[in-house]
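Novice: The following block contains a protein sequence and its predicted model.
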There are 2 protein chains.
Amino acid sequence: MAKDKKFVEEITSMEVDFAQWYTDVVKKAELTGYTQVKGCMVIKPAGYAIWENIQAELDRRFKETGVENVYLPLLIPESLLQKEKDHVEGFAPEVAWVTHGGTEELEERMCVRPTSETLFSDFYSRDVHSYRDLPKVYNQWCSVLRWEKTTRPFLRSREFLWQEGHTVHATAEEAEERTIQMLNVYADFSEEFLAIPVVRGKKTDKEKFAGAVATYTIEALMHDGKALQCGTSHNFGDGFARAFEIQYVSKDNKPEYCHQTSWGMTTRMIGAIIMVHGDDSGLKLPPRVAPVQAMVIPIQQKKEGVLDKACELKDALCAAGIRARLDDSDKSPGWKFSDQEMRGIPVRLEIGPKDIEQGQCVIVRRDTREKIVAPLDGIGAKVQEVLEQIQNDMFETAKKRMENMTYTASTKEEFKEIADTKPGFIRTMWCGDRKCEEEIKDQLGGVTSRCMPFKQEHLSDTCIWCGREAKTMIYWGKAY
Amino acid sequence: MAKDKKFVEEITSMEVDFAQWYTDVVKKAELTGYTQVKGCMVIKPAGYAIWENIQAELDRRFKETGVENVYLPLLIPESLLQKEKDHVEGFAPEVAWVTHGGTEELEERMCVRPTSETLFSDFYSRDVHSYRDLPKVYNQWCSVLRWEKTTRPFLRSREFLWQEGHTVHATAEEAEERTIQMLNVYADFSEEFLAIPVVRGKKTDKEKFAGAVATYTIEALMHDGKALQCGTSHNFGDGFARAFEIQYVSKDNKPEYCHQTSWGMTTRMIGAIIMVHGDDSGLKLPPRVAPVQAMVIPIQQKKEGVLDKACELKDALCAAGIRARLDDSDKSPGWKFSDQEMRGIPVRLEIGPKDIEQGQCVIVRRDTREKIVAPLDGIGAKVQEVLEQIQNDMFETAKKRMENMTYTASTKEEFKEIADTKPGFIRTMWCGDRKCEEEIKDQLGGVTSRCMPFKQEHLSDTCIWCGREAKTMIYWGKAY
């Protein structure tokens, strides 16, 4: 009975305490578990199954663009990490160091990879000789470790799972093209598969990746109006190539430095799914990423024939290619409804003696709670249609919310007031000066630049902060 | 031209130097690359694609038996590793220790996981309360680190990729059943997917896993007559449950200790594929695991229409569900044949002007070099049929070789002579005493017990070594 109770308990309302709501959902939907390893998490089956779906779809999209998967070592010798100056400055303070192997102290300590630019560069320096060897468009799926001080499941943890793409090209143009191409893969994936609308743009110099010439990002807005950086793509120019001596002989027989990119997306996306779509009843999974898309829940299941019919219904859904399950546990239907809602399963199908008599069942949408009475005949196609509708509606709902929470400021006072009172994105013009960016962060309670969007608009001629000539439109926000 | 040359160079013959032949194949088929991280390797696209196919098929077979995937941390606090006495003794000498996070020294050092029994046990101790929570049948795909002194690509490296299944059950019977079930999954997978015949059996107490009550294994025979342990499945009884306090309340409301298993298969299987199937022309991939199953090679490709027709042929194969590629590079056909053979692609399809005239092409089997002239009409089905035949023939060939290299010894002298002169498995009776096992290893040049096979035969009444009463038939061999 203790276990039964756990589920029907209310979770904290997101209006009351968004952070606690998030923690409650992660726990009650059984996405993660506790571990003694500080700052790390156990990803439980319900959480990992979401990651598997993300992986499969991203991997498919990568391969369509010619990406090949590889695997490089977990450890990076200190001397290798130090080869690119900006990079080591960015990462050295937050890596974990291996100093002993078995009972012996290592001659050179090694860090657990926080990211693998240095390993890939070292590898490419040996594997690239001629223009015929280029480009190389490699990716790896792995975990990385960053010694974060404050952590939250999925959003920021010491260890997280991700993919890191690392490419090497003959020309600067080709590298820039690949950087943008992969950012668009992330953006399309987020919008089409996770139903998460994003803003695509470029990071400021202050916010770009350690060692990059340019960093591009997709930024999403959470339910509480905070921004979440969802995926980044970096153009390194020839910086790493010069530090690691990655040269190729060109067609006209001259030695040239290569140009490189890297791009990554992480388990943080599970946090984004929770915070963009969830509500006070729990998780809401977009159908395409949902490990279970439909839960069949029998009503009065002890009555003869009900369970058999419910099982038939589940089989019919599976046969139509829907990831369906039957909840035939001895819990009450009400408990099962709450459980299915908490876990974010996109639809449930209720079926009881009366429904069976009338050859029908009741489809209940998780996103809108709308009830649809549907004949059992042809139920597979009907549920497919409803799932498709839910996927589209969830994206449209999230998009409208993002639009409603995106404000435009044309004066400094307006900017301050919005930052103070209205959570969300704030669009302004900006002079491009780092000083303004830093003052804004200090004086507006942690508002940071999110990106200079690809879709530019001319809002005014002057920088919102210093009044000098504006160079770009920029998005600001408080971020996770 | 330097690059052209690299491939047509002969590799070392396996008769001359098997170890060098292996190294040559791994390098020239571009399966791995060099890294500065000692004892580790880069798995390049051609190698990683094999692992992806292994993963996909194993994962599918696991899930059919109810396995769910999870992810647990990379690091294990020292105190956790030490909780189970036998286990820590087995692994502590070969783990890598993390002592610093960023600039700070850790209060307690942590090792990079060499295997995750301790983490799973710690997790289960918190997550299992009642018989209703059982069984839990979890698996994770990850990398592990063991500080090996001598390493070889795929066969033994400090870091390797694997899956580790960890399950927890209410009863000893159920745990034993799961242990055997997973061993059979490995055996069937090896034979059906990798065309590698195996002997299924139980390890001796001396050879079992650190902390296990019983270890089961599948053992395969390489081309040189050495044995390779291909997958193991362990029954832990309630040993870890007692050390980690994993208890559940039974149906009749009593506290009981759980019973656990673990089982793993690694990137070592890529080494097994090379050493079971390969020949002096390179790799030979069984069609089911081959990332590329068919290579179309145009003859006189500069003649009008040849490339177009070759491309059509490739498309026809892809449309039939075959993983096909076209080699339209500017190399000679002879170079392309050698390259396709080196990479172990199961069939090549040669198509030139004369073939086109006659509406045919030539299928060449990698395993037997047999040439099959086939009409272009219906080529997809024909190649599918040939691939199926290759898969079966490769298994039968390997099986016959294993049978031919499996010897039975009935006297000590015979045992010594076979061990000295005939590489392969040696079957004998054994008393079950560790002392005999140790003497055999010392006196027969490193011959170790491989397993006590499930399929027992009564060869004689007495132990081959000491002459006392025999308890079991056992397989011996020199192993990788």
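Specialist: Perfect, I can see it now. Numbering: from 1, shown residues only, chains lettered A, B, ... in the order given.
Novice: Can you check the pLDDT for residue A:185?
Specialist: Looking at residue A:185, its pLDDT reads 98.
Novice: didn't it look like it was pressed against residue A:61?
Specialist: Yes. Here residue A:185 lies in contact with residue A:61, judged by CB atoms under 8 Å, at a distance of 5.3 Å. Where you see a C-beta, it was placed from the backbone N, CA and C, and this is true even at glycine.
Novice: so what's the residue of the stretch 351-480 of chain A found nearest chain B up against?
Specialist: Residue of the stretch 351-480 of chain A nearest chain B, by CB to the nearest CB: residue A:480 (21.1 Å). Listed by CB atoms under 8 Å, 6 or more residues apart in numbering or on different chains, the contact partners of residue A:480 are A:155-156, A:222, A:226-229, A:271.
Novice: 6 Å - rerun?
Specialist: With contact set as CB atoms under 6 Å, 6 or more residues apart in numbering or on different chains, residue A:480 has these partners: A:155, A:226, A:228.
Novice: How about residue A:297?
Specialist: A:327, A:333, A:336, A:348, A:350.
Novice: Quick check on the residues you listed: which are buried?
Specialist: Buried residues within the contacts of residue A:297, counting neighbours by 16 or more other CB atoms under 10 Å in any protein chain shown: A:327, A:333, A:336, A:348, A:350.
Novice: Name all residues that make contact with residue A:270.
Specialist: Residue A:270 sits next to A:50, A:154 when contact means CB under 6 Å, 6+ apart.
Novice: got the CA positions of whichever strand or helix holds it in PDB?
Specialist: When secondary structure is defined using DSSP states H and E, the element that contains residue A:270 is helix A:268-277. C-alpha atoms of helix A:268-277 as PDB (Å, rounded to 0.1, in the frame of the first residue of the first chain):
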ATOM      1  CA  ARG A 268      20.300  17.800 -20.900                       C
ATOM      2  CA  MET A 269      17.600  17.500 -23.600                       C
ATOM      3  CA  ILE A 270      15.700  15.200 -21.300                       C
ATOM      4  CA  GLY A 271      15.600  18.100 -18.800                       C
ATOM      5  CA  ALA A 272      14.400  20.400 -21.700                       C
ATOM      6  CA  ILE A 273      11.500  18.000 -22.500                       C
ATOM      7  CA  ILE A 274      10.400  18.000 -18.900                       C
ATOM      8  CA  MET A 275      10.600  21.800 -18.500                       C
ATOM      9  CA  VAL A 276       9.100  22.700 -21.900                       C
ATOM     10  CA  HIS A 277       6.100  20.300 -21.900                       C
END
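Novice: Centre of the chain to it, how far?
Specialist: In terms of CA atoms, centre = their mean, to the nearest Å, the centre of helix A:268-277 is found 7 Å from the chain centre.
Novice: Show me what from chain A comes close to chain B.
Specialist: Contact residues, chain A versus chain B (CB under 6 Å from any CB of the partner chain): A:35-37, A:40, A:42-45, A:48, A:68-75, A:93-94, A:96-102, A:122-123, A:143, A:147, A:159.
Novice: Which members of those residues are classed as buried?
Specialist: For the residues of chain A next to chain B, a neighbour count by 16+ other CB under 10 Å gives the buried set as A:35-37, A:40, A:42-45, A:48, A:68-75, A:94, A:96-102, A:122-123, A:143, A:147, A:159.
Novice: Just those: which are in strands?
Specialist: Taking DSSP state E, the ones among these that sit in strands are A:42-43, A:68-69, A:75, A:96-101, A:143, A:159.
Novice: Please identify the buried residues of whatever helix or strand residue A:397 lives in?
Specialist: Assignment of secondary structure by DSSP H and E places residue A:397 within helix A:379-404. By neighbour count with 16+ other CB under 10 Å, helix A:379-404 contains the buried residues A:379-380, A:382-384, A:386-387, A:389-391, A:393-395, A:397-399, A:401-402.
Novice: tell me which strands and helices that helix is in contact with?
Specialist: Packing partners of helix A:379-404 (3 or more CB pairs under 6 Å, 6 or more residues apart in numbering or on different chains; DSSP states H and E): helix A:306-319.
Novice: between the helix it packs on and helix A:379-404, how big is the angle?
Specialist: Helix A:306-319 runs at 70 degrees relative to helix A:379-404, counting by axes from the mean of the first three to the mean of the last three CA atoms, to 10 degrees.
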